[in-house]
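A.B. asks: Sequence isn't available, so here's the structure alone:
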């Protein structure tokens, strides 16, 4: 602690969104002036505040290395993983930190994520078989080429930055949204899966893929390079071509 | 009805977007700027243009790009209205008005091009 | 505990640069469709005879109409560029099991655009 105070001549200002439901009905911004360190990320700054300035500040974090997906927040209005957003990219300007947009705020920087969890399950993100093979039949095998078809869609860390970046989700909370559709598409493209039709029944609705207008921000902010916007467009194309096939070849609908 | 037929409207939108992306700039340059500005007077002489559009392939391409551009517009415009102005409750009437306009445009395009 | 919700305002697309350019991209379709209406009228005047055609070309040559067509050209170019840029998101091509890189798809789109534009210009302008 002593060493920290002598080194810290330079400071940076953080404007942090505060919402304490037991004492206020409207959120406020609280300003903290804290030591500036070139190698600090925004999460380090928040941890400094929590440890040394104001223990009441609430936020989520875990791994500090961009894997767990729990420290997503709005940094100057842009959804970011705070564990990989450096102070030096903003210094000497103040940084405004808010909870992820489009989600209800439980407390301070912690959002309510029930809606996202429900949507993940809603799209049936697991391998669906018409009939499970008996154990003796061995595992379902897959070639590297087959894996390559969906692999990038499987890299999602459920950080919800894409939901915070999506204006459609903000306008229509029923929208299934980028990460859940990308995950559904990950299983649709899996050679071992046979649940494509079932899943497309859920996806090819207004609340599913058709609410999307390809703003494209979900893909821009994704820290895991999942490209949810691409997943949604591919699902649209698949749904439209499936529809065309049913219209042109009605007898082939088996 | 619109919700269930979404793939159909989206296909028209996608086809229109592609047709317009490839053809709109050159068409605008030719008929909107070069012809009225008096560049290439022989090319835009009445007889020459008349002969050009009398060819069935020209007519088909013109009909295709014009009509698909209308449906491309209808799709984008209805989403922009409903979302840009947060008119969620007007979703259905906005869609009906936009597609009705595109269908009316299709009928007039068919009449004009058949009479050429 | 009461959660605090922050509903999206109707002016959401004015609050962020990328959202604004998204709406611009969507609204290019208005100018393109409007141009197609003028093109249809041109075809109608063409069918009506040489005088009607010449009069309509004079109308299109008025400053206001030239300005409109310049705006429509800018809109159409913006539409083409954004359309080709986004196309590889929807269309994934595979050659011998490997995904064709998005940049290759975009480059192929541009090449097709150039070829079609040159062919159309050549057909119209040869005399």
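C.D. replies: On my side now, so go ahead. Worth saying up front: this structure is predicted, and the values here are computed from it rather than measured. Numbers count the residues shown, from 1 in each chain, chains lettered A, B, ... in the order given.

A.B. asks: show me what contacts the nearest residue to residue B:53 once chain neighbours are set aside?
C.D. replies: Sequence neighbours aside, residue B:116 is the residue nearest to residue B:53 in space, at 5.4 Å (criterion: CB to CB, 6 or more residues apart in numbering or on different chains). The C-beta positions use only the backbone N, C-alpha and C, and glycine is treated the same way. Residue B:116 is in contact with B:53, B:54, B:59, C:43, C:46, C:47, counting by CB atoms under 8 Å, 6 or more residues apart in numbering or on different chains.

A.B. asks: Same check on residue A:27?
C.D. replies: Counting by CB under 8 Å, 6+ apart, residue A:27 has contacts A:17, A:18, A:19, A:105, C:4.

A.B. asks: Now rank the contacts of residue B:116 by neighbours and give me the top one.
C.D. replies: residue C:43 (24 neighbours; other CB atoms under 10 Å in any protein chain shown).

A.B. asks: and the longest helix for the chain?
C.D. replies: Assuming you mean chain A. Looking across chain A with DSSP state H, the single longest helix is helix A:228-248.

A.B. asks: that answer is for a different chain, and I need it for chain C
C.D. replies: helix C:17-48.

A.B. asks: and that helix, anywhere near chain A?
C.D. replies: Yes: contact of helix C:17-48 with chain A (CB under 8 Å from any CB of the partner chain) involves C:18, C:19, C:22, C:26.

A.B. asks: In terms of distance to residue B:93, which of the residues you listed ranks first?
C.D. replies: residue C:26 (19.1 Å; CB to CB).

A.B. asks: Grab the most central residue of chain C for me.
C.D. replies: Closest residue to the average C-alpha location of chain C: residue C:76 at 3.0 Å, with CA atoms, centre = their mean.

A.B. asks: Contact residues of chain B facing chain A?
C.D. replies: Within chain B, the residues that sit near chain A (CB under 8 Å from any CB) are B:3, B:6-8, B:10-11, B:14, B:76, B:79-80, B:83, B:86, B:88.

A.B. asks: Just flag the most distant two among the residues you listed.
C.D. replies: Pairwise across those, and taking CB to CB, the largest span is found between B:11 and B:86, at 27.2 Å.

A.B. asks: Pick out the residue of chain B closest to chain C.
C.D. replies: Among all residues of chain B, residue B:32 sits closest to chain C, at 3.2 Å; criterion: CB to the nearest CB.

A.B. asks: What values do phi and psi take at that residue?
C.D. replies: When quoted as degrees, to the nearest 10, the phi and psi of residue B:32 stand at phi -100, psi -20.

A.B. asks: Look up the closest residue to residue 124, ignoring the ones flanking it.
C.D. replies: By default, I'm working from chain A. residue A:199 (5.6 Å).

A.B. asks: try again with chain C
C.D. replies: residue B:30 (5.5 Å).

A.B. asks: Likewise for residue A:235?
C.D. replies: Excluding the flanking residues, the one nearest residue A:235 by CB to CB, 6+ apart is residue A:209, at 4.9 Å.

A.B. asks: can you give me the strands in the chain?
C.D. replies: Here I'm looking at chain A. With strands called from DSSP state E, chain A shows them at A:11-18, A:28-35, A:72-75, A:78-81, A:95-98, A:105-107, A:110-111.

A.B. asks: between those, which one is nearest to chain B?
C.D. replies: Distance to chain B, taken as CB to the nearest CB, is lowest for strand A:78-81 among the strands of chain A, at 19.2 Å.

A.B. asks: Does the closest one reach chain C?
C.D. replies: No: judged by CB under 8 Å from any CB, strand A:78-81 makes no contact with chain C; its nearest approach is 8.8 Å.

A.B. asks: Count the residues that sit near the residue in chain B that chain A sits nearest to.
C.D. replies: Closest residue of chain B to chain A, CB to the nearest CB: residue B:7 (3.7 Å). Neighbourhood size, residue B:7 [other CB under 10 Å]: 22.

A.B. asks: got a list of what the residue nearest to it when sequence neighbours are not counted touches?
C.D. replies: With sequence-adjacent residues excluded and distances taken as CB to CB, 6+ apart, residue B:7 is closest to residue A:243, at 3.7 Å. Residue A:243 sits next to B:7, B:8, B:11 when contact means CB under 8 Å, 6+ apart.

A.B. asks: residue contacts, the first one?
C.D. replies: Pointing back at residue B:7 there. Applying CB under 8 Å, 6+ apart, we find residue B:7 in contact with A:204, A:236, A:239, A:240, A:242, A:243, A:244.

A.B. asks: Show me where chain C has its helices.
C.D. replies: C:17-48, C:50-60, C:63-90, C:102-125.

A.B. asks: Ok, the stretch 101-250 of chain A next?
C.D. replies: Here the stretch 101-250 of chain A has its helices, by DSSP state H, counting those that start in this stretch, at A:114-122, A:144-150, A:161-165, A:167-171, A:178-188, A:196-203, A:217-221, A:228-248.

A.B. asks: any idea of the pLDDT on residue A:142?
C.D. replies: Here the pLDDT value assigned to residue A:142 is 95.

A.B. asks: how much space is there between the closest residue to it other than its chain neighbours and chain C?
C.D. replies: Nearest residue to residue A:142, sequence neighbours excluded (CB to CB, 6+ apart): residue A:191, at 5.6 Å. In this view, residue A:191 and chain C are 12 Å apart by CB to the nearest CB, to the nearest Å.

A.B. asks: Residue A:191: how many residues sit nearby?
C.D. replies: Residue A:191, neighbours per other CB under 10 Å, totals 14.

A.B. asks: quick one, what contacts it?
C.D. replies: With contact taken as CB under 8 Å, 6+ apart, residue A:191 is in contact with A:142, A:143, A:146, A:149.

A.B. asks: Per-residue confidence, the third one, what does it come out as?
C.D. replies: Same thing as residue A:146. Residue A:146 is assigned 93 on the pLDDT scale.

A.B. asks: From residue C:49, how far off is it?
C.D. replies: Distance, residue A:146 to residue C:49, using CB to CB, to the nearest Å: 63 Å.

A.B. asks: which of the two has more neighbours?
C.D. replies: Taking neighbours as other CB under 10 Å, residue A:146 and residue C:49 compare with residue A:146 leading, 15 against 12.

A.B. asks: tell me the phi and psi of the spatially closest residue to that one that is not a sequence neighbour?
C.D. replies: Spatial nearest neighbour of residue A:146, excluding adjacent residues (CB to CB, 6+ apart): residue A:191 at 4.1 Å. Dihedral pair for residue A:191: phi -60, psi -20, per degrees, to the nearest 10.

A.B. asks: Nearest to chain B within the stretch 1-150 of chain A, name that residue for me.
C.D. replies: Residue nearest to chain B within the stretch 1-150 of chain A (CB to the nearest CB): residue A:102, separated by 13.7 Å.

A.B. asks: If anything else comes up later, I'll come back, but that's it for now.
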